[in-house]
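# curious how this folds, go ahead:
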Amino acid sequence: MSGGHPAHRRKTLPIQDRLEVWVRSGGRCALCNAYLLEGSLSWRTLNLGEMAHIVGQSTDARSPRGGHPLNPDLRDSADNLILLCADEHAEIDAQGALDVFTVERLRRLKLEHEDRIRHLTGLGPHRATTVVRVVGSVHGQAVELSRSAAVDAVTARSRFPLFLESYSRHGVEVDLRHLPGEYCAPSQDARSAAAESRSYYRYATRALDEVIKNQLRAGIDRGSVQHVSVFGFARLPLLVHLGSLLDDTVPTDVYQRHRHEQSWIWPVEAGPATEFTVRVDQDVPAGEEAVVVMNVSGTIARREIPSGLAALRRYEISPVNAPTHPDILRQQASLQSLENTIRRFLASLEIEAKTLRRLHVLPAVPMSAAVTLGRTHHPQVHPQLVIYERLAGQYVPTLEVGPATG
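Residues are numbered from 1 along each chain as shown. Next up is the predicted model:
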């Protein structure tokens with residue numbers, strides 16, 4: 001390769017081999033995945049790709065890696081060419097980086113990229129998914145939830161992300177980190193903390209409503225969204241609200257961030273999925289209000305239940321023959337099991353508690369479960385959900401999902 005040596009006149013590459021590399025690479029840089037047929041400033045169709053040699057075209061020091069024993073007749077072949085953007089081309093040819101970008105490493109990177117492109121382009125249109133990303137902070141901390149992290153997660157499930165033009169090529173994205181109150185430390189007093197949270201949730205729910213209703217639902221209405229993949233990192237009440245905005249008739253995968261791997265990819269786990277059950281924890285007559293304690297990723301003790309809820313009928317959702325812990329949803333099948341349990345529970349309320357208008361929810365759940373709870377809730381059928389949050393050492397109501405029925 002001779003990109004860094006303008007004095008050396010390189011031979012013209014065969015058209016057939018250039019075409020083969022472009023097709024194999026899907027028009028993207030094999031290292032940074034940049035799309036190479038469009039300018040990021042002008043948005044015009046431009047040829048920004050550069051054909052780089054893995055083993056240099058020349059057999060001497062004029063070409064990076066030119067001293068490799070590869071036959072000179074094979075150096076302009078598609079197998080020795082890699083499609084790159086200008087920045088990556090310059091870097092792999094830089095004298096100070098030749099020990100990093102060896103022939104073996106570049107061959108491996110080329111093969112991995114081209115295999116991925118072939119796999120993704122081989123998936124039928126029914127494997128497309130529209131990505132929804134919602135990122136905020138929890139206890140003042142945010143996590144990495146980039147577009148590439150979402151791509152890795154959905155492709156691991158044999159789907160490919162559909163980034164539509166109307167979604168600014170990023171899917172449906174809601175970034176809450178700029179909102180007033182996102183990083184504010186809660187007050188020491190529970191009542192003041194609840195008031196501050198409610199003020200924050202007014203901004204946050206408005207941001208979610210605007211994006212989901214105007215972008216995602218518009219795509220569903222025009223038939224361009226056939227499947228949805230949801231990634232959410234935010235405070236639990238807000239994720240329940242997010243789930244309530246999703247169309248339950250559209251097939252949806254909800255992703256969970258796994259602490260051990262620091263990844264959004266669902267691990268392939270052996271063994272059966274975790275099962276969940278609902279039991280009546282306090283059997284008193286059902287009236288207009290009841291409580292459900294969701295002990296999934298942690299346990300909420302009875303003494304922590306607010307005194308104002310103490311006299312109400314109380315349900316508990318918990319795992320079967322398994323302890324609660326933060327990574328309990330290790331398998332996607334475990335989340336599906338929890339979803340089925342929630343659906344059965346809400347359906348049972350329609351029969352057993354017809355007078356119920358308001359369900360107070362104390363959640364100790366992973367974030368994916370919060371989204372799932374909101375998605376399974378039907379505001380015209382099920383009682384209003386009052387979502388509680390632990391603030392200043394107490395559980396306080398901070399967000400209502402759905403209108404109070406009556």
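# so who does Ala194 touch?
By Cβ atoms under 8 Å, 6 or more residues apart in numbering, Ala194 lies in contact with Glu389, Leu391, Val396, Pro397, Thr398. Quick note: C-beta positions are derived from backbone N, CA and C, even for glycine.
# try 10 Å this time
Counting by Cβ atoms under 10 Å, 6 or more residues apart in numbering, Ala194 touches Pro186, Ser187, Tyr388, Glu389, Leu391, Ala392, Gln394, Tyr395, Val396, Pro397, Thr398.
# and the third one, how many neighbours?
Residue neighbour count, defined by other Cβ atoms under 10 Å, stands at 24 for Tyr388.
# which helix or strand contains it?
For Tyr388, the element it lies in under DSSP states H and E is strand 384-391.
# helix or strand: which one has the residue nearest the centre of the chain?
With distances taken as Cα atoms, centre = their mean, the chain has Phe231 as the residue nearest its mean C-alpha position (3.0 Å). Taking DSSP H and E as the criterion, the element that holds Phe231 is strand 228-233.
# list the neighbouring strands of that strand plus their orientation.
In its sheet, strand 228-233 lies beside strand 128-135 (parallel), strand 252-255 (parallel), with partners assigned from DSSP bridges.
# on that earlier part again, tell me who's in contact with the residue nearest to the centre of the chain.
Contact partners of Phe231, counting by Cβ under 10 Å, 6+ apart, are 131-135, 145-146, 149-150, 153-154, 171, 173, 253-257, 264, 367-368, 371.
# quick one on the thing from earlier: what helices or strands is the strand holding Tyr388 leaning on?
Helices and strands touching strand 384-391, as assessed by 3 or more Cβ pairs under 10 Å, 6 or more residues apart in numbering; DSSP states H and E, comprise helix 190-211, helix 236-245, strand 289-295, strand 358-364, helix 367-376, strand 394-401.
# got the angle for that strand vs helix 236-245?
Regarding strand 384-391 and helix 236-245, their directions subtend 150 degrees when assessed with axes from the mean of the first three to the mean of the last three Cα atoms, to 10 degrees.
# just the mean pLDDT for the strand holding Phe231, thanks.
Confidence over strand 228-233 (mean pLDDT, whole number) is 94.
# likewise for stretch 24-37?
Confidence over stretch 24-37 (mean pLDDT, whole number) is 93.
# just stretch 173-190 next, same as before
The predicted model gives stretch 173-190 an average pLDDT of 71.
# with stretch 122-132 instead?
The pLDDT scores in stretch 122-132 average 79.
# list the buried residues of that stretch.
Neighbour-count burial for stretch 122-132, counted by 16 or more other Cβ atoms under 10 Å, picks out Arg127, Ala128, Thr129, Thr130, Val131, Val132.
# returning to that earlier point: buried ones in the strand holding Tyr388?
With burial defined by 16+ other Cβ under 10 Å, the residues of strand 384-391 counted as buried are Gln384, Leu385, Val386, Ile387, Tyr388, Glu389, Arg390, Leu391.
# what of stretch 102-113?
Within stretch 102-113, the residues that count as buried by 16+ other Cβ under 10 Å are Val103, Leu106, Leu109, Lys110, His113.
# ditto for stretch 208-225
Buried residues in stretch 208-225, counting neighbours by 16+ other Cβ under 10 Å, are found at Leu208, Val211, Ile212, Gln215, Leu216, Arg217, Gly219, Ile220, Val225.
# which SS class is the residue nearest to Ala353 when sequence neighbours are not counted?
In space, and not counting its chain neighbours, Ala353 is closest to Ala286: 4.0 Å by Cβ to Cβ, 6 or more residues apart in numbering. Assigned by DSSP: H, G, I helix; E, B strand; the rest coil, the conformation of Ala286 is coil.
# so who does Ala286 touch?
The neighbourhood of Ala286, defined by Cβ under 10 Å, 6+ apart, consists of Val280, Leu312, Arg313, Leu349, Glu352, Ala353, Lys354, Thr355, Leu356.
# give me phi/psi at it?
Geometry field for Ala286 lists phi and psi as phi -80, psi 130, criterion degrees, to the nearest 10.
# how far away is it from Pro383?
10 Å (Cβ to Cβ, to the nearest Å).
# any shared contact partners between these two?
Shared contacts of Ala286 and Pro383, defined by Cβ under 10 Å, 6+ apart, comprise Leu349, Ala353, Thr355, Leu356.
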